[in-house]
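Chemist: Return a 3D structure for these sequence lines:
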Amino acid sequence: MWRLYGPAAFYDRTPDPDERGGLAGRPEHTEVEQRMNRALPDRPTDTTDVIPPG
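Modeler: Below is the predicted model:
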């Protein structure tokens, strides 16, 4: 999950369906987090989950 006003949350829901063990910030997941951080800020605009200005 990418949050505008909070830290990102990253889970592997296969072994952790209740999302109790966050993976964000762990060195072994750095590459995945970086890819997500580049892709996710544009997602609300790309999916029209925001109200356009004007």
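Chemist: Sketch out the low-pLDDT regions of the protein for me.
Modeler: 2-4, 41-54 (pLDDT under 70).
Chemist: could you pull out the helices for it?
Modeler: For the chain, the helices defined by DSSP state H cover 30-39, 43-46.
Chemist: tell me the contacts of residue 16?
Modeler: By Cβ atoms under 8 Å, 6 or more residues apart in numbering, the contact list for residue 16 is empty. The C-beta positions use only the backbone N, C-alpha and C, and glycine is treated the same way.
Chemist: In a markdown table, list the helices of the chain along with distance to residue 19 and mean neighbour count.
Modeler: Shown next, in a markdown table, are the helices of the chain (distance: least, Cβ to Cβ, whole Å; neighbours: other Cβ atoms under 10 Å):
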| stretch | distance to residue 19 | mean neighbour count |
| --- | --- | --- |
| helix 30-39 | 15 | 12 |
| helix 43-46 | 19 | 11 |
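Chemist: can you tell me which of the ones you listed comes nearest to residue 17?
Modeler: helix 30-39 (18.9 Å; Cβ to Cβ).
Chemist: Run through who's touching that closest one.
Modeler: Contacts for helix 30-39 (Cβ under 8 Å, 6+ apart): 2, 8, 10, 24, 25.
Chemist: The fourth one against residue 9, yeah?
Modeler: Yes - under the criterion of Cβ atoms under 8 Å, residue 24 makes contact with residue 9 at 5.8 Å.
Chemist: Among the contacts of helix 30-39, which pair sits farthest apart?
Modeler: 2 and 25 (14.0 Å).
Chemist: more crowded one of these two?
Modeler: When residue 2 and residue 25 are compared for neighbours, residue 2 comes out ahead with 15 against 11, by other Cβ atoms under 10 Å.
Chemist: thinking again about what came up before, looking at the helices of the chain, which is closest to residue 15?
Modeler: Short answer: helix 30-39, nearest of the helices of the chain by Cβ to Cβ, at 15.7 Å.
Chemist: before we move on, back to that, could you dump the contacts of helix 30-39 to JSON lines with distance to residue 36?
Modeler: JSON lines is the format used below for the contacts of helix 30-39 (distance: Cβ to Cβ, whole Å):
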{"residue": "2", "distance to residue 36": "7"}
{"residue": "8", "distance to residue 36": "7"}
{"residue": "10", "distance to residue 36": "7"}
{"residue": "24", "distance to residue 36": "9"}
{"residue": "25", "distance to residue 36": "13"}
